[in-house]
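Asks: fold the stuff below for me.
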Amino acid sequence: MSITETLRKGSKGSDVSELQEILIKLKFDPGRIDGDFGNKTEAAVKQFQQRQSITPDGVVEINTRNALNKAIQRQIEIAKLYGGASGKLPLPGVNLIKEFEGCKLIAYPDPLSKGKPYTIGWGSTVKKDGSEWSLGEKMTQVEADELLILQLERKYLPSLEKIPGWENLNPYQQGALLSFAYNLGANFYGSKGFETITRVLNNQEWDKIEPTLTMYRNPGSSVEAGLRRRRVAEAKLFLQPL
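Replies: Numbers count the residues shown, from 1 in each chain. This is a model prediction of the structure:
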């Protein structure tokens, strides 16, 4: 932010326009970007000051300018945690998926059916166009990474975005749920067998997130230990401070 002068109601000019642009980026409403510090801009500044525990006097002096700078920088850092074509894919979740899925660059048979669907890359069973893989088909690491991102955005993100309050979750929380969904199904929320995680998400009971996630580990099966490790890792990511 290049503003160095104190701004208040009645101020006009390019510095006010910049202030209004910054407030909009921070989800406050200063009205139109017109370079005129009016009632709406003053109200937006006061709301920002209250959020930052600054005396809400509506005057943009050094303390408020510093707080605005920090808020914008934080927003920039948070934006780095998202990717994909949409810019909405939580990358911490992609990294966690890669940690637990493993990557194969040659298509192999399904472990249960011993045949189709053939799997390749980071657990992908279909190509970009939706067609199936053939046994023995190959891909490069770059292609595997790109396919994972594409399929996460196409198949998983739209379902997750329907979870109430999704937009208010931080990228670590969203990432944990992305990993959970990739493992157990894109439409887990609200589905039979997922009543507990659905309730916890609805009520935002974050103190219950770890015991809730670890419920979904196929108790008594040969994969229980591995799933428990994954659920614990997802819970740790979900609870990671931003």
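Asks: just give me the longest helix of the protein.
Replies: helix 62-79 (DSSP state H).
Asks: which parts of that one are buried?
Replies: 64-65, 67-68, 71 (16 or more other CB atoms under 10 Å). The C-beta positions use only the backbone N, C-alpha and C, and glycine is treated the same way.
Asks: need those residues in TSV with distance to Ala107 and pLDDT, can you?
Replies: Formatted as TSV, the buried residues of helix 62-79 follow (distance: CB to CB, whole Å; pLDDT from 0 to 100):
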residue	distance to Ala107	pLDDT
Thr64	58	98
Arg65	57	97
Ala67	53	98
Leu68	52	98
Ala71	47	97
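Asks: dump those to JSON lines, plus distance to Thr198.
Replies: Output for the buried residues of helix 62-79, formatted as JSON lines (distance: CB to CB, whole Å):
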{"residue": "Thr64", "distance to Thr198": "41"}
{"residue": "Arg65", "distance to Thr198": "44"}
{"residue": "Ala67", "distance to Thr198": "37"}
{"residue": "Leu68", "distance to Thr198": "38"}
{"residue": "Ala71", "distance to Thr198": "33"}
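Asks: what is the nearest of these to Phe188?
Replies: Within those, the smallest distance to Phe188 is 34.0 Å, found for Ala71 (CB to CB).
Asks: check which helices and strands the top strand by length along the chain sits against.
Replies: The single longest strand within the chain, with elements called by DSSP state E, is strand 104-108. Under the contact criterion of 3 or more CB pairs under 8 Å, 6 or more residues apart in numbering; DSSP states H and E, strand 104-108 touches strand 119-121.
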